[in-house]
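*Asks:* Take this sequence and fold it.
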Amino acid sequence: MSRISNHLLPLDSTILEAANIINSSKNRACIVVENDNHVVGILSEGDILRAILNDANLKSNIKPFINTNFYFLSQGEECSEKIKNFFHIKQVTLIPIITKDMKLKDVITLNEYLKTLD
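*Replies:* Next up, the predicted model:
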């Protein structure tokens, strides 16, 4: 679970906290969660940039900028074609794997995926 925690951002976080998580994970996005790892959405570098361009500051809360319409896999649905589609066609950098009740179970990153292609 420690690997997953590198990509998590609590819902009450600031833009600065989000930027720090994204920078340290080197994934260009993070997964926004509330209690018990319930996934709320994804926050990307682009979302942060758009927030700042719309006059948000580094202490602003992330809530208005979260992408709640995000790509994910349901637990047990880790099909290689679907994963390939998300990374190649949709160009996401991480894919949350979630349960039916939206609890985070795992994360597949673009870097992990690329290593499987070697």
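*Asks:* who are the neighbours of the helix ranked longest in the chain, in terms of helices and strands?
*Replies:* In the chain, taking DSSP state H as the definition, the longest helix is helix 15-25. Contacts defined by 3 or more CB pairs under 8 Å, 6 or more residues apart in numbering; DSSP states H and E place helix 15-25 against strand 8-10, strand 29-34, strand 38-44, helix 45-53. For every residue, glycine as well, the C-beta is placed using N, CA and C.
*Asks:* pull the helix or strand with minimum mean pLDDT from this structure.
*Replies:* Lowest on mean pLDDT, DSSP states H and E among the helices and strands of the chain sits helix 2-5, with a mean of 76.
*Asks:* and Leu43, how many neighbours does it have?
*Replies:* 26 (other CB atoms under 10 Å).
*Asks:* Please tell me I have it right and it contacts Ala18.
*Replies:* Yes. With contact defined as CB atoms under 8 Å, Leu43 reaches Ala18; the gap is 5.3 Å.
*Asks:* in the chain, which ranges drop under the pLDDT threshold?
*Replies:* Residue ranges of the chain with pLDDT under 70: 1-2.
*Asks:* Could you rerun that using 90?
*Replies:* Scanning the chain for pLDDT under 90 picks out 1-4, 26-27, 75-81, 88-89, 111-118.
*Asks:* quick one: which of the helices and strands packed on helix 15-25 is nearest Leu73?
*Replies:* Of all the helices and strands packed on helix 15-25, strand 38-44 sits nearest to Leu73, with 11.6 Å by CB to CB.
*Asks:* For that closest one, give me every contacting residue.
*Replies:* Around strand 38-44, the neighbours that count as contacts under CB atoms under 8 Å, 6 or more residues apart in numbering are 9, 11, 18, 22, 28-34, 62, 65-70, 72, 93-94, 96, 98, 101-104.
*Asks:* try stretch 90-106
*Replies:* 4, 7-8, 27-29, 31, 33, 36-39, 42, 44, 70-75, 77-78, 83, 86-87, 107-110.
*Asks:* I appreciate the help and will end here.
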